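Engineer: Model the following, please.
(chains A and B)
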There are 2 protein chains.
Amino acid sequence: MNRLVHRDRALKSLTEHFPKDCLLLQKEDLIPYSFDATAIFQRLPLAVVFPRHVEDILWLLQWSKSNHISIIPRGSGTSLCGGAVPAENSIVLSMAKWTKILEIDPANLTLLVEPGVTTQAIQQEAEKYSLFYPPDPGSYKISTIGGNIGHNSGGIRGLKYGVTRNYVMGMEVVIPRGQVLWLGNKCMKDSAGYSLKDLFIGSEGTLGIVTKILLRLLPKPKARRLIVASFRSLEKASEASSAIIASALIPSAMEFLDQKTIHCIEEYSAAGFPKESEAVLLIESDGHPEAVQEEIIQISNIIKKYEPIEIKIAEDPTQQEKLWSARKVAFSALARKAPTVLLEDITVPRNVLAQMIRQIQKISQENGVEIAVYAHMGDGNLHPVFLANEKDSQLMTKINKAMKEVFLYAIELNGTITGEHGVGLAKKEFLPFQYSKESLELLKEIKNVLDPDHLLNPGKIFD
Amino acid sequence: MNRLVHRDRALKSLTEHFPKDCLLLQKEDLIPYSFDATAIFQRLPLAVVFPRHVEDILWLLQWSKSNHISIIPRGSGTSLCGGAVPAENSIVLSMAKWTKILEIDPANLTLLVEPGVTTQAIQQEAEKYSLFYPPDPGSYKISTIGGNIGHNSGGIRGLKYGVTRNYVMGMEVVIPRGQVLWLGNKCMKDSAGYSLKDLFIGSEGTLGIVTKILLRLLPKPKARRLIVASFRSLEKASEASSAIIASALIPSAMEFLDQKTIHCIEEYSAAGFPKESEAVLLIESDGHPEAVQEEIIQISNIIKKYEPIEIKIAEDPTQQEKLWSARKVAFSALARKAPTVLLEDITVPRNVLAQMIRQIQKISQENGVEIAVYAHMGDGNLHPVFLANEKDSQLMTKINKAMKEVFLYAIELNGTITGEHGVGLAKKEFLPFQYSKESLELLKEIKNVLDPDHLLNPGKIFD
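Structural biologist: Okay, the predicted model is just below:
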């Protein structure tokens, strides 16, 4: 049978199975699903399907196998590694309508949700019970917990609170062979068998479709205070942050902004950072009020040794919110500066942070491309932001070269090409530099066990 | 060739490869390696080998494959699930001599060690730098970190600090196909590829031989205080502990002793618990001194609502140590009461702890077997201790029946048959009650990817 005829029949069977409001087929409706938050990738899917229940997902997996059309799972499409970009001959499976909060269990400090619930909605639900869900990716207002699990999302609190993996106690997942598995439980400890749950976390939608998620919550910290310090040199800022970690303090956040980022934020929102700042640190402490008070004083005393231009300690929640907002607009402020903005995501051991940032500056100069850097300094997670223009192929060639140099240097420092965004399409060519041939082979063999026909998100992480 | 001749030739080739001090072959030398800390299993290995380096392990894996003789990895042999008991036609690979601390990195708060280092040695090394390694299994003085990883060991601090998994940042592992993999890094965040590291943690030596381990350390808490409360009824103790968790307090430990355990401890060491106590809670708070002080008062106020017979707050570290020691002798105290003592390890959601304990008492009465219970109450991890006699087959039949009832009830409450000891030989027959057929099948398929010839620890977790 002709390939196009075959495809038309397959799509027709979708219209027969799904009601109209669960299916998009028109080009104009498909366009928003042809890309995600990664600027440089785009491909139209054949259709977008909104499954109503687990049975629909089982049906789709069977349909996918029979018709050799792959499935691209998608939440809000905030992926920064092309993780939700359609493959050739694929449909998008959107979990965005699965937004139910199924159960809050304050006695066990757990929350059961559907995968389409946003990170923010989870945080707000926890708040209602004076509880706390720490992972806090930059896209928290719209990113879904399903996507957070797929990429093992982090955020600014990784230093003290870890990442999504540390808060997933269980999940229901539908796997390509047509089975529904429940992995994990409400137990705080479980040593029964290999941790399949941990295999699915960070698997970028390549192994199964997560349909329910059981999260662990924490008591809400009673107090929270912010200190903002500006430095004349990157090295001083970096030494200060290393000294804080070496002093056995664990702030709840330690954010870094480089000069380029500072200037853009100033232009965008007049945050009031001193003009001569080469680096700014925003450091938050949370916990018991006395402990926070003491920690803020200790941090401030350490910072004073590194010749800061200015130290500001937020006096109240309003001022704190205002100071934080300067950090939170960083990406928006940078995004205005170029037609295409590529937000990257390396992590290095914390003792080589300054070395990595200086190297990024060197790579920027040598290649004649603009790279701003902001970072979750406390956990070594740097976000180099490449100011690009996808229509300028000469510039893009230079940017790709510079980006590769950044990744390879991070790997040279025993770092990782992605701390919290995932590999997806964007970084799969660099994974072989970080992984040994043998380890990469194992990833592929595990993929083959779970998804032997490569129905799910093909071409992501590896080919 | 005759099977025995073949075996003799295989053993001869061991003597040719290994110097005398790396190999045990005499029956009297093999006997200590024929069992572990699980009372009921025993089998002689064909030999015990102490590899000198990774090359020896690679050689042994090849030898194992060529000769169809399996390998039982072993640390200190403190497994409580028969995890280190030899299989038929197997040799023991002892990592007990791999005791080097390879690197402490205070700037990154990491520690690199060999697998034979004891948990205690790790804790002590961390202490030297005012750092802290939280996992604290009961066997910490002799259990090795390799074994801790194999079983994802926990201990009394799980509630606040999690388990071994939460502290493993990386590992070197030798897999049966003859490859040496390095998994993980010193980065606090890493989203590059499936988490192979998490697959090996808790895999009970069935997937690979861990040869180096990179651990995450924490700053040492500045203060630590203990409160001990005795209750007239189990329900009151249990309600008190639930109320503490529901009050958004996270003590660093919350231990429970039942009446039988209390009586045995009193006989053993005259700890001074009131005679009429049906349950005792030992609750520790750690962190900033002010926060600890406040938490102890809050905990004490909550406890007072549940009609305690007595509340003791340790006034100084010496008194604290003395009060803790009562808990620490629990197993030794119980072990004197019967020829065979079986220490079990279920975990349930914390809101059904009292229900689980009452059911254990009921099962004990109905089957006419003695079961004492102590528990890591804060994380729902119960240790029912069966007082048995392996030479009394009638009693053992009753005990097996009672044990099965305990496991099945834990599963009914959405708990797990093992919180921190692993499945091993002892609980593999119960895993199918906890796992779906499909999930169990996946475990086996993953085993087949890593160890297709079943060279490593065969018969553990599943057949």
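Engineer: Tell me, how many residues neighbour residue A:365?
Structural biologist: Residues near residue A:365, counting by other CB atoms under 10 Å in any protein chain shown, number 11. The way it works is simple: take the backbone N, C-alpha and C, and place the C-beta from them, glycine included.
Engineer: Ramachandran coordinates for residue A:388?
Structural biologist: Main-chain torsions, residue A:388, degrees, to the nearest 10: phi -130, psi -180.
Engineer: separation between the nearest residue to it once chain neighbours are set aside and chain B?
Structural biologist: Nearest residue to residue A:388, sequence neighbours excluded (CB to CB, 6 or more residues apart in numbering or on different chains): residue A:340, at 4.2 Å. Residue A:340 is 23 Å from chain B, where distance means CB to the nearest CB, to the nearest Å.
Engineer: likewise residue A:248?
Structural biologist: Distance from residue A:248 to chain B, by CB to the nearest CB: 3 Å.
Engineer: can you check residue A:250 too?
Structural biologist: Taken as CB to the nearest CB, the span from residue A:250 to chain B is 6 Å.
Engineer: Next, that residue: phi, psi?
Structural biologist: Residue A:250 has phi and psi values of phi -120, psi 90 when expressed as degrees, to the nearest 10.
Engineer: Check whether stretch A:122-134 comes near chain B.
Structural biologist: Yes: using CB under 8 Å from any CB of the partner chain, stretch A:122-134 reaches chain B at A:130, A:131.
Engineer: Once you drop chain neighbours, what's closest to residue A:135?
Structural biologist: That would be residue A:164: by CB to CB, 6+ apart, it lies 4.9 Å from residue A:135.
Engineer: next one: residue A:188
Structural biologist: Per CB to CB, 6+ apart, closest to residue A:188 is residue B:379, 3.6 Å.
Engineer: Around the one you found, count how many other residues there are.
Structural biologist: 26.
Engineer: ok now do it, which residues does it touch?
Structural biologist: A:187, A:188, A:189, B:154, B:158, B:159, B:347, B:350, B:419 (CB atoms under 8 Å, 6 or more residues apart in numbering or on different chains).
Engineer: Quick check: which ranges of the stretch 301-450 of chain A have low pLDDT?
Structural biologist: The model of the stretch 301-450 of chain A has no residue with pLDDT under 70.
Engineer: that older thread, for the contacts of residue B:379, work out which two are farthest apart.
Structural biologist: Using CB to CB, the pair of the contacts of residue B:379 lying farthest apart is B:154 and B:350, separated by 14.4 Å.
Engineer: So for those two, which sits in the more crowded spot?
Structural biologist: When neighbours are counted by other CB under 10 Å, residue B:154 comes out ahead of the other of residue B:154 and residue B:350, with 32 against 26.
Engineer: now that one: how far from residue A:163?
Structural biologist: 21 Å (CB to CB, to the nearest Å).
Engineer: Over to residue A:405?
Structural biologist: Relative to residue A:163, residue A:405 is positioned 27 Å away (CB to CB).
Engineer: the more surrounded of these two?
Structural biologist: Taking other CB under 10 Å, residue A:405 and residue A:163 do not tie; residue A:163 has more neighbours (29 against 17).
Engineer: What sits closest to that one if chain neighbours are left out?
Structural biologist: What sits nearest to residue A:163 in space, not counting adjacent residues and going by CB to CB, 6+ apart, is residue A:154, at 4.2 Å.
Engineer: Tell me which stretches of the stretch 251-400 of chain A form helices.
Structural biologist: Here the stretch 251-400 of chain A has its helices, by DSSP state H, counting those that start in this stretch, at A:259-269, A:289-304, A:317-328, A:330-335, A:353-367, A:393-412.
Engineer: now the angle from the first one to helix A:317-328?
Structural biologist: Spelled out, it's helix A:259-269. With axes from the mean of the first three to the mean of the last three CA atoms, to 10 degrees applied, the angle from helix A:259-269 to helix A:317-328 works out at 120 degrees.
Engineer: Which elements pack onto helix A:259-269?
Structural biologist: Packed against helix A:259-269 by the contact rule (3 or more CB pairs under 8 Å, 6 or more residues apart in numbering or on different chains; DSSP states H and E) you find strand A:279-287, helix A:317-328, helix A:330-335, strand A:370-376.
Engineer: So in that sheet, which strands flank the last one, and in what orientation?
Structural biologist: The pairing partners recorded for strand A:370-376 under DSSP bridges are strand A:253-258 (antiparallel), strand A:381-388 (antiparallel).
Engineer: So the closest residue to chain B within the stretch 1-150 of chain A: helix, strand or coil?
Structural biologist: In the stretch 1-150 of chain A, the residue that lies nearest chain B is residue A:107 (3.9 Å; CB to the nearest CB). Three-state assignment for residue A:107 (DSSP: H, G, I helix; E, B strand; the rest coil): coil.
Engineer: Wait, the residue nearest to residue A:135 touches residue A:153, no?
Structural biologist: Yes: Residue A:164 is within contact range of residue A:153, at 5.0 Å (criterion: CB atoms under 8 Å).
Engineer: Can you check which residues contact both of those two?
Structural biologist: Joint contacts of residue A:164 and residue A:153 (CB under 8 Å, 6+ apart) are residue A:135.
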